[in-house]
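Colleague: pasting a predicted model and its sequence here:
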Number of protein chains: 2
Amino acid sequence: MTDRDESTRDRAGRRLFLARGLAAGVGGLAAGGLAAAARAAPVAGAADASATPPAPPDTEPFWGVHQGGIATPTQLHTYFAAFDLTAKDRAQVEQLLRDWTQAAARMAAGHTAAPLGDDPMLPPSDSGEALGLPPARLTLTFGFGPGLFVKDGKDRYGLAARRPAALVDLPRFNGDQLQEARCGGDLSVQACADDPQVAFHAVRQLARIAYGVAEIRWVQTGFSGAPAGGGGGTPRNLMGFKDGTRNPRGPEFDRVVWVGEEGPAWMRNGSYLVARRIRISLEHWDRTETDFQEQVVGRHKMSGAPLGGKAEFDTPDFAATDKDGNPVIPEDAHIRLGAHETNGGAQMLRRAYAYNDGANVTAERWPPWRQGMMYDAGLFFLAYQKDPRAGFIRVFEQMAKLDALNQFTTHVGSAIFAIPPGAQPGGFIGQGLFVAA
Amino acid sequence: MTDRDESTRDRAGRRLFLARGLAAGVGGLAAGGLAAAARAAPVAGAADASATPPAPPDTEPFWGVHQGGIATPTQLHTYFAAFDLTAKDRAQVEQLLRDWTQAAARMAAGHTAAPLGDDPMLPPSDSGEALGLPPARLTLTFGFGPGLFVKDGKDRYGLAARRPAALVDLPRFNGDQLQEARCGGDLSVQACADDPQVAFHAVRQLARIAYGVAEIRWVQTGFSGAPAGGGGGTPRNLMGFKDGTRNPRGPEFDRVVWVGEEGPAWMRNGSYLVARRIRISLEHWDRTETDFQEQVVGRHKMSGAPLGGKAEFDTPDFAATDKDGNPVIPEDAHIRLGAHETNGGAQMLRRAYAYNDGANVTAERWPPWRQGMMYDAGLFFLAYQKDPRAGFIRVFEQMAKLDALNQFTTHVGSAIFAIPPGAQPGGFIGQGLFVAA
């Protein structure tokens, strides 16, 4: 990989940064200094981001019709952050989105969040841990939660009337064991990159820019089972099965994922994201027979082929029966209950990551299979669709009740966000919502 | 990268795995089945691991004079697990180490933990999430905590007399805020790989093999700021500074890291590991001035040069003073207090990773700088040395009291392990301890 590409202006900034002498005192930690420094990172104007030289090959475009990080081939890592807004008024929210857009465009191109300043008596405009790292295909995908429009019954920012009908409050699903601290959020940032430090760095800079306007509510890291460089086929999840085989592709992708004429104009070419943190009882799963695992999933573990099929991408035959008349793919198999064939055609893009948050003392919920130290690991499930009512909600209402996989999974976090379309240089993410058309 | 290389035997096993028909019933979840399955993964004999074909280029050797994962160029990811032993007797512990050694050798070469069986009525011998992934330079480094020798005053396994003098209980250091659930452990496994799923997979298989004999006590993930493929220079930590510049190299490395004649014979060519989970107050750090940060660390942020020097690898001049007679590198600067020059020559190998465990509600300890949602992120510090009394303990006694960096760091986890030497094919890790010389 190449070194982080920097514009001439940045290089000059870095030289100044380097060349400055040592100041006499240390100090600067007084409360006033902290307050003054809170938003000290100046955000570059649009010209900075749009006038940069050609990007290195591991760069994903930031500007475009759609936001990145949805159709983008899945990167190896994600760092996802949900924010609560503390902004006093709409102008502050709009300014935050303008600042975030500029910083995101710079970072996606492999730059610091803002040009590095030359004043050693100010906090650095970028925390610096991505210096020397490549862009690593960084994408930053911004979303608007219900709380941007209405929170606790209040129309805080005068946007309540513009809440899209598709941005529903998620219903309670059968089996939900949601933890409030892992749910919701007024704004979301999905950082995806092939390097975890690049993803972490990006969210950290955005959180800094948001000081006083929005604060982190919850975050989640994830990684993909795909080998670097792609070409490795469908990645395997932590249950050891290929995951995402039936994702929409080609023209079907566009039809399933992107908002068209049906939504408000400012959401056209956007999407809706449902995020679920799904803990998986890996210890229990690992003690089950291979045959049982395959009956639960409805696929062969090694090849990924649907039961009764030969190859991963064979269309599952949900009507097939064995010699005793039993369905080859069981009635409660995961792939049957998640299929568009059994959900009135409902589809979504699954862009899921594995998560691994260590281990902690846990008792399983039903039947009491096991208690003690267990992995806090599983699936950070991210589903994109043009309307969650006809996507995730439609499909999961059925799965939550019947899926055999539920014996091993517990949904502990949940959130929904409207994902506005992409922005053009000079504009900002969500501009259509804030600037009357 | 290449696909996971498999021996002919494995391929045949996988074909059988694929080809087997569907069994009629699901069942198999009765308590008896679980118990029977608990150690169902058969571990291959030594011949399996030593007779494999040439390894692909992203493979680190498992067998050798030293264990891997110490002198190995730092991989991008770690998954570290500390285990508590529940084994009834020494024979069980020895068998666990034999089994772990064989599984580790297989996995380091890119294979499953054990050959995949062909009986669908048994749990899979490998959970499968690394199928299709490259070896990713996987290393597995095993360690023995004080509890293997003596626990709660009991000599559980008849090994108390063989506890090395250097495997001390760590003293309480100034400022320690240790959480019991993140400390200690009778055995340790450090999995390092360039792919996080490969590292997770490896520990998961070892934990499975240990069912009934040892159980996870704590785990920690980490990532390195080094770009993939190396060549990016010293990685930066989450404070944005280059970290590890003064690590021992060449002959000095051997002198600092490996146990020689001074230890018990079974520890020769081994080392000692001190692990510390160091939470860093990144939000606070990000609000401090660049000049202040550099005074705290004692280095320039951009270049990594010591204050008063020009290039990263310049030897720090701790005697230099400015025109007012003040030291150029402050008295409480991190690099001064950690230097061998100020610690009677004490040295260690720092093989640290950044960690990012999300965010949670926190109040800082002194002065009350900040409370609210804060990153649970920082440094997973792994220090290797031939004697911790003349390495980490010697250095950190001074740093814990005086280091200016302590304003931003809190040690919340701690453990020490004796790292036995490597093994040869046919042998096992720790053989010298268990088999009387």
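Modeller: That came through, no problem.
Colleague: so A:Thr245, which state does it fall into?
Modeller: The three-state label given to A:Thr245 by DSSP: H, G, I helix; E, B strand; the rest coil is coil.
Colleague: whoops, I mixed them up, A:Thr410
Modeller: Recorded secondary structure, A:Thr410: strand (three-state DSSP).
Colleague: part of a strand, is A:Gly344?
Modeller: No: in this structure, A:Gly344 is coil, not part of a strand, as judged by three-state DSSP.
Colleague: which residues touch it?
Modeller: Residues in contact with A:Gly344, defined by C-beta atoms under 8 Å, 6 or more residues apart in numbering or on different chains, are A:Arg394. For the C-beta atoms, the positions are set from N, CA and C on the backbone; glycine is no exception.
Colleague: phi, psi of it?
Modeller: phi 60, psi 30 (degrees, to the nearest 10).
Colleague: let me know the pLDDT of it.
Modeller: Looking at A:Gly344, its pLDDT is 95.
Colleague: residues from the stretch 301-437 of chain A in reach of chain B?
Modeller: In this structure, the stretch 301-437 of chain A approaches chain B at residues A:301-303, A:307, A:322, A:324, A:326, A:328, A:330, A:354, A:356-360, A:369, A:372-373, A:375, A:377, judged by C-beta under 8 Å from any C-beta of the partner chain.
Colleague: and the closest residue to chain B within the stretch 151-300 of chain A, helix, strand or coil?
Modeller: Proximity of the stretch 151-300 of chain A to chain B (C-beta to the nearest C-beta) peaks at A:Gly240, 2.8 Å away. Classification of A:Gly240 using three-state DSSP returns coil.
Colleague: what count of nearby residues applies to it?
Modeller: The number of residues packed around A:Gly240, counting by other C-beta atoms under 10 Å in any protein chain shown, is 25.
Colleague: skipping adjacent residues, who's closest to A:Ala423 in space?
Modeller: Residue nearest to A:Ala423 in three dimensions, not counting chain neighbours: A:Ile429, with 5.1 Å by C-beta to C-beta, 6 or more residues apart in numbering or on different chains.
Colleague: burial measure for that neighbour, as a count.
Modeller: For A:Ile429, the neighbour count with other C-beta under 10 Å is 25.
Colleague: ok now do it, which residues does it touch?
Modeller: Under the criterion of C-beta under 8 Å, 6+ apart, the contact list for A:Ile429 reads A:67, A:97, A:100-101, A:104, A:142, A:420, A:422-423.
Colleague: centroid residue for chain A?
Modeller: For chain A, A:Gln190 is the residue whose C-alpha lies nearest the centre (C-alpha atoms, centre = their mean; 3.7 Å).
Colleague: could you double-check that that one lies in contact with A:Tyr353?
Modeller: No: judged on C-beta atoms under 8 Å, A:Gln190 makes no contact with A:Tyr353 at a distance of 10.0 Å.
Colleague: who touches both of these two?
Modeller: A:78, A:382.
Colleague: only the C-alpha atoms, please, for the longest helix along chain A, written as PDB.
Modeller: In chain A, with assignment by DSSP state H, the single longest helix is helix A:90-108. These are the backbone C-alpha positions of helix A:90-108, laid out as PDB (Å, rounded to 0.1, in the frame of the first residue of the first chain):
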ATOM      1  CA  ARG A  90     -31.200  23.800  13.500                       C
ATOM      2  CA  ALA A  91     -28.400  26.000  12.400                       C
ATOM      3  CA  GLN A  92     -26.000  24.200  14.600                       C
ATOM      4  CA  VAL A  93     -27.100  20.800  13.300                       C
ATOM      5  CA  GLU A  94     -26.800  22.100   9.700                       C
ATOM      6  CA  GLN A  95     -23.300  23.500  10.400                       C
ATOM      7  CA  LEU A  96     -22.300  20.100  11.900                       C
ATOM      8  CA  LEU A  97     -23.300  18.300   8.800                       C
ATOM      9  CA  ARG A  98     -21.400  20.800   6.600                       C
ATOM     10  CA  ASP A  99     -18.300  20.300   8.800                       C
ATOM     11  CA  TRP A 100     -18.700  16.600   8.900                       C
ATOM     12  CA  THR A 101     -19.100  16.500   5.100                       C
ATOM     13  CA  GLN A 102     -15.900  18.400   4.500                       C
ATOM     14  CA  ALA A 103     -13.900  16.400   7.000                       C
ATOM     15  CA  ALA A 104     -15.300  13.100   5.700                       C
ATOM     16  CA  ALA A 105     -14.300  14.000   2.100                       C
ATOM     17  CA  ARG A 106     -10.800  14.800   3.200                       C
ATOM     18  CA  MET A 107     -10.400  11.700   5.200                       C
ATOM     19  CA  ALA A 108     -11.800   9.400   2.500                       C
END
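Colleague: by contact count, what packs against it?
Modeller: The criterion is 3 or more C-beta pairs under 8 Å, 6 or more residues apart in numbering or on different chains; DSSP states H and E, and the helices and strands that helix A:90-108 contacts are helix A:46-50, strand A:139-144, helix A:196-209, helix A:431-434.
Colleague: the helix or strand just after the first one near chain B at all?
Modeller: Using DSSP states H and E, the helix or strand that follows helix A:46-50 in sequence is strand A:77-85. Yes: interface with chain B: strand A:77-85 contributes A:77, A:79 (C-beta under 8 Å from any C-beta).
Colleague: and strand A:77-85, which strands flank it?
Modeller: Looking at strand A:77-85 with DSSP bridges, its partner strands are strand A:187-193 (antiparallel), strand A:214-223 (antiparallel).
Colleague: so for that strand, mean pLDDT?
Modeller: Rounded to a whole number, the mean pLDDT of strand A:77-85 is 98.
Colleague: angle of it against strand A:139-144?
Modeller: Direction vectors for strand A:77-85 and strand A:139-144, defined by axes from the mean of the first three to the mean of the last three C-alpha atoms, to 10 degrees, enclose an angle of 30 degrees.
Colleague: what angle do helix A:90-108 and strand A:77-85 make with each other?
Modeller: Per the same axes, to 10 degrees, the angle that strand A:77-85 makes with helix A:90-108 is 170 degrees.
Colleague: so how far is strand A:77-85 from its chain's centroid?
Modeller: Here strand A:77-85 shows a centroid-to-chain-centroid distance of 8 Å under the convention C-alpha atoms, centre = their mean, to the nearest Å.
Colleague: check stretch A:177-194 too.
Modeller: The answer for stretch A:177-194 is 8 Å, by C-alpha atoms, centre = their mean.
Colleague: stretch A:240-247 too?
Modeller: 18 Å.
Colleague: cool, and stretch A:94-107?
Modeller: Here the centre of stretch A:94-107 is set off from its chain's centre by 17 Å, with C-alpha atoms, centre = their mean.
Colleague: and for stretch A:164-173?
Modeller: Between the centre of stretch A:164-173 and the centre of its host chain there is 18 Å, according to C-alpha atoms, centre = their mean.
Colleague: partner strands of the lengthiest strand in chain A, parallel or antiparallel?
Modeller: Of all the segments of type strand in chain A, defined by DSSP state E, the longest one is strand A:371-385. Taking DSSP bridges as the criterion, strand A:371-385 forms sheet pairs with strand A:271-280 (antiparallel), strand A:349-350 (antiparallel), strand A:353-363 (antiparallel).
Colleague: coming back round to it: would CSV of the contacts of A:Ile429 with distance to B:Pro264 be doable?
Modeller: Conversion of those to CSV gives the following (distance: C-beta to C-beta, whole Å):
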residue, distance to B:Pro264
A:Gln67, 60
A:Leu97, 63
A:Trp100, 58
A:Thr101, 62
A:Ala104, 56
A:Phe142, 59
A:Pro420, 65
A:Gly422, 64
A:Ala423, 65
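Colleague: nearest to chain B among those residues?
Modeller: Distances from chain B to these, taken as C-beta to the nearest C-beta, are shortest for A:Trp100 (16.4 Å).
Colleague: how far away from the center of its chain is the longest strand of chain A?
Modeller: Centroid displacement of strand A:371-385 relative to its chain, using C-alpha atoms, centre = their mean, is 14 Å.
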